[in-house]
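In: just a sequence and a predicted model for now, questions to come.
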Amino acid sequence: MRLLGITLLLAGAPAVAFATLAVTGWSYIGPALAGIAVSIAAAFAFAVVWSRDLDLLAGSVRRVASDEAVPEAGTAVLMDALGREIERLSRHLAARTAVLEQHRRADTLILERLPDPVIVLARDRGVQRANAAARAAFGDDIAAVLRHPGLRLAIERALSTHTAQTAEIGLRVPMPRDVYATVVPMDPPLADGGLALLVLSDRTRERVVERMRADFVANVSHELRTPLASLIGFIETLRGPAADDPPAQQRFLEIMAEQGARMNRLIDDLLSLSRIELTEHQTPAQPLDVAKLVSRMVAGFEPRLTERNLQLALRIEPDLPMVAGDSDQMAQVLQNLLDNAVKYGRDGGVLTVEAGIAPPGDRWPARRGVVIAVTDQGAGIPREHLPRLTERFYRVDKGRSRAVGGTGLGLAIVKHIVNRHRGQLLIESEVGQGTTVSIWLPVPQAAPVAKDGD
């Protein structure tokens, strides 16, 4: 229809003119009809070429719009110059698109490799995308982080004022940490529609150091004062009244050695606790064979069990899955739990150590996990003391704890290590029956099963 319309439009005027000449007698019928035929044929040929050129140029424009390649110039007959201009425009747009794509990839690469967690915020204040550091630090909890009231307020201020805003917030997911947040609005928005960049700098280590200094002044100085006072008093006695009393000297030197050993244990535990707190926000990723670790640690306590006349009941489920854990720190956890069970257990009683898959129920999280439990048959702990057992230097019986060499830091160390492993700690006790300390550790998805002999 388009071709017919163009032909009639072009041949209409000459054909009418030849017909008029024939009718009025100004021309013979034969030449007039021949003129009309030639006009129609010429108009049809022109219409064919014109329509073909229009189709070629329309196709070229569509390919330019869709970033496809454009045919070489010269195919259009009547619109050759316009075709070359479209081809030049296509090359220019292709080069510009390549540069923009290169910049987009560079932006994405830079964002991914930044050491601090960075989140690109969408128009709905949700997550447009997040870099590797953010995914590693918060995992599936990024949306929960963005719901923090202080952070939401900073985001709204930044987007309303178009200026960068900062906020210091305390996050509780996936674990407690102190974060310095910076919200930078993007005007105009990013290519993917992101309205702002959220940079989260972890300040947990600095805050831990500050708390450690305060704790040292408040607690450690008090704990060290007693053994230091004893040492100073015995030294003065040895230099004075007991200077010529060998039996007294021997007795006092033994006490001084005990006090010195107590101070040494206290300092070792403090250093250990400090190291753990500095890395508590970093989840371990190494695979850990719980069955092997429990067996190895229990074997190391056999001499002490014999000394206390304690019977061992060891129950380890077969084919326990691997967990993600720091073997040295988890060994320290079992060392502290077994040490407490031996110290406070009943002479001639039974010490039970169990390791198995966490049973379903409300006690443990719904996800798959492994539970390690250490049970003694000691005097037990009154219920009112249970919530405070993991506090630093908290003791149920201070005299007995110091007598058996306790520093008051063992369960605090256990708690922080379990927190670092994203696990849970449960202490259950009944007076006169004994105490059970249980640890739940999450099993990574598709975790391999530990085989005997591996």
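Out: Everything's here; your move.
In: how is this structure divided into domains?
Out: 2-102, 115-202, 204-282, 284-454 (automatic domain parsing).
In: select, out of the ones you listed, the one closest to residue 108.
Out: For those, distance to residue 108 was read as Cβ to Cβ. The smallest value, 8.4 Å, belongs to domain 115-202. C-beta: built from backbone N, CA, C; applies to glycine.
In: surely residue 337 is in contact with residue 414?
Out: Yes: in this structure, residue 337 sits in contact with residue 414. The criterion is Cβ atoms under 8 Å, and the distance is 6.7 Å.
In: wait, what's in contact with residue 373?
Out: For residue 373, the contacting residues are 352, 353, 354, 355, 436, 437, 438, 439, taking Cβ atoms under 8 Å, 6 or more residues apart in numbering as the criterion.
In: wait, doesn't the last one sit right on residue 423?
Out: Yes: contact criterion Cβ under 8 Å: residue 439 and residue 423 qualify, at 5.9 Å.
In: intersection of neighbour lists for these two?
Out: Residues touching both residue 439 and residue 423 (Cβ under 8 Å, 6+ apart): none.
In: count of residues packed around residue 278?
Out: When neighbours are defined as other Cβ atoms under 10 Å, residue 278 has 14 of them.
In: now do residue 253
Out: For residue 253, the number of neighbouring residues by other Cβ under 10 Å comes to 12.
In: surely it forms part of a helix?
Out: Yes: with DSSP: H, G, I helix; E, B strand; the rest coil as the criterion, residue 253 is assigned to a helix.
In: please report how far it lies from residue 231.
Out: Here the criterion is Cβ to Cβ, to the nearest Å. By it, residue 253 lies 11 Å from residue 231.
In: can you check residue 348 too?
Out: Taking Cβ to Cβ as the measure, residue 348 and residue 231 are separated by 36 Å.
In: the two: who's more crowded?
Out: A side-by-side neighbour count of residue 348 and residue 231, using other Cβ under 10 Å, places residue 231 first with 17 against 10.
In: how much space separates that one from residue 259?
Out: Taken as Cβ to Cβ, the spacing of residue 231 relative to residue 259 amounts to 5 Å.
In: please apply the same query to residue 428.
Out: Applying Cβ to Cβ, the value for residue 428 to residue 259 is 34 Å.
In: check residue 383 too.
Out: 33 Å.
In: please apply the same query to residue 122.
Out: With distances defined as Cβ to Cβ, the gap from residue 122 to residue 259 amounts to 63 Å.
In: and for residue 385?
Out: In this structure, residue 385 and residue 259 are separated by 26 Å, where distance is defined by Cβ to Cβ.
In: looking at the two, which is more packed in?
Out: Under the criterion of other Cβ under 10 Å, the comparison of residue 385 against residue 259 puts residue 259 first, with 17 against 14.
In: quick one: what helix or strand has the more buried one in it?
Out: Using DSSP states H and E, the secondary-structure element containing residue 259 is helix 246-278.
In: packing partners for that helix?
Out: The elements that helix 246-278 packs onto, with contact taken as 3 or more Cβ pairs under 8 Å, 6 or more residues apart in numbering; DSSP states H and E, are helix 204-215, helix 221-239, helix 410-420.
In: now do it against helix 221-239, angle only.
Out: Orientation check (axes from the mean of the first three to the mean of the last three Cα atoms, to 10 degrees): helix 246-278 against helix 221-239 gives 160 degrees.
In: make JSON lines out of the domains of the chain and add distance to residue 108 and mean pLDDT.
Out: Below are the domains of the chain laid out as JSON lines (distance: least, Cβ to Cβ, whole Å; pLDDT from 0 to 100):
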{"stretch": "domain 2-102", "distance to residue 108": "11", "mean pLDDT": "62"}
{"stretch": "domain 115-202", "distance to residue 108": "8", "mean pLDDT": "87"}
{"stretch": "domain 204-282", "distance to residue 108": "26", "mean pLDDT": "78"}
{"stretch": "domain 284-454", "distance to residue 108": "25", "mean pLDDT": "85"}
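In: any chance of those in a markdown table, plus distance to residue 109?
Out: Shown next, in a markdown table, are the domains of the chain (distance: least, Cβ to Cβ, whole Å):
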| stretch | distance to residue 109 |
| --- | --- |
| domain 2-102 | 10 |
| domain 115-202 | 10 |
| domain 204-282 | 24 |
| domain 284-454 | 24 |
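In: winner for burial among the helices and strands packed on helix 246-278?
Out: Of all these, helix 410-420 has the most neighbours on average by mean count of other Cβ atoms under 10 Å, namely a mean of 22.
In: quick one: residues in contact with that one.
Out: Here helix 410-420 makes contact (Cβ under 8 Å, 6+ apart) with 175-176, 269, 272-273, 276-277, 279-284, 326, 329-330, 332-333, 336-337, 339-340, 389-392, 424-425, 427, 437, 439, 441.
In: then that helix to CSV, C-alphas only?
Out: Presented in CSV, the C-alpha positions along helix 410-420 are these (Å, rounded to 0.1, in the frame of the first residue of the first chain):
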residue,chain,number,x,y,z
GLY,A,410,37.0,-19.2,82.9
LEU,A,411,33.4,-19.0,82.0
ALA,A,412,33.8,-15.5,80.7
ILE,A,413,36.4,-16.8,78.2
VAL,A,414,34.0,-19.6,77.3
LYS,A,415,31.2,-17.2,76.7
HIS,A,416,33.2,-14.9,74.4
ILE,A,417,34.6,-17.9,72.4
VAL,A,418,31.1,-19.3,71.9
ASN,A,419,29.9,-15.9,70.8
ARG,A,420,32.6,-15.7,68.2
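In: mind listing what's buried in the following helix or strand past it?
Out: Per DSSP H and E, helix 410-420 leads on to strand 424-430 as the next helix or strand towards the C-terminus. Of the residues in strand 424-430, those scored as buried under the neighbour-count criterion (16 or more other Cβ atoms under 10 Å) are 424, 425, 427, 428, 429.
In: okay, now the sheet partners of the helix or strand following strand 424-430, with direction.
Out: Using DSSP H and E, the helix or strand that follows strand 424-430 in sequence is strand 434-442. Strand 434-442 has these partner strands in its sheet, going by DSSP bridges: strand 369-376 (antiparallel), strand 424-430 (antiparallel).
In: appreciated, that's everything.
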